[in-house]
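S.K.: Predicted model, plus sequence, below.
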Amino acid sequence: MSFNLPANVILPVDRIDVRLDPSPHPFERDNADAIAEGWLEHRAGNPALFDGTMVLLSSLTYEGGLLAGVCHEVRYSTFLHWRRHSDTPHAHHAFAHAMPVTSDGALVAIRMAPHTLNAGKVYFAAGSFEPEDFVGGQVDMHRNMAREVTEETGLDLDAAGAEQRHHLISTPGGVVIFRRYRFAETAGELTARIHAHIAADPDPEISEPVVIADAAVRLAGLMAYMPALTDWHFSNP
């Protein structure tokens, strides 16, 4: 098991080789009782939580533009337990961010709905990797990004221009793998579409779109890693 990513540094990613191992994650196996107890606490505080399936890393390394790693299928309750013990050397979390860029140069983030785990937090529409994001055992970043963006905002990433290169930043809360997608619409047009999607969804995951028009914007609820991403974007238009 190995994790060698430097903390809080944005790195370019040219190749991704992250695979799904069918064996149980040692972190889940070795902490089964504590995970079950923690889940009862989380459910008591938020009955809307669902103990679905996702993945957790047992290794992730970066060298020469190659991001390589191994994931295992775990329960959501295992991830919540990991969040309380994220300093463990044997497990780590990663998630992908599509960064929607409007024709007038802004970024479009979202604010999470009150019933969600990250209620009120602002970041780019995203979700944890799931087993279905692995094709032939290999992660498909675009598949994950496209699904989550469509579910939360109604936007279609296939209608946008994807940059060839991914980037990443390793933070205490997980490794953020991000990629810009450039839309033909303005910020006003995209946010109108997202508002319509929210209005039509009987149980929306987000409460509103959030436009970030320049690097100086520091919004209430902004996730701790977001300023690094927005600063990078406006420094590299």
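M.R.: Looks like it came in fine.
S.K.: Report the buried residues of stretch 212-226.
M.R.: Neighbour counts over stretch 212-226 (16 or more other C-beta atoms under 10 Å) mark 212, 217, 222, 223, 225, 226 as buried. (Each C-beta comes from the backbone N, C-alpha and C, glycine too.)
S.K.: which residue ranges form the strands in this protein?
M.R.: In the chain, the strands defined using DSSP state E lie at 11-13, 15-21, 53-63, 66-75, 94-101, 107-112, 122-123, 134-135, 138-139, 161-162, 166-171, 174-182, 206-212.
S.K.: Now these in a markdown table, please, with extra columns for distance to residue 4 and mean pLDDT.
M.R.: Putting those into a markdown table (distance: least, C-beta to C-beta, whole Å; pLDDT from 0 to 100) gives the following:
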| stretch | distance to residue 4 | mean pLDDT |
| --- | --- | --- |
| strand 11-13 | 11 | 99 |
| strand 15-21 | 14 | 98 |
| strand 53-63 | 5 | 97 |
| strand 66-75 | 10 | 98 |
| strand 94-101 | 14 | 98 |
| strand 107-112 | 29 | 98 |
| strand 122-123 | 25 | 98 |
| strand 134-135 | 22 | 97 |
| strand 138-139 | 18 | 98 |
| strand 161-162 | 27 | 98 |
| strand 166-171 | 10 | 98 |
| strand 174-182 | 11 | 98 |
| strand 206-212 | 31 | 98 |
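S.K.: now for those, which one comes closest to residue 200?
M.R.: Among these, the nearest to residue 200 by C-beta to C-beta is strand 206-212 (12.8 Å).
S.K.: strands paired with the closest one, and their directions?
M.R.: When pairing is defined by DSSP bridges, strand 206-212 lines up against strand 107-112 (antiparallel).
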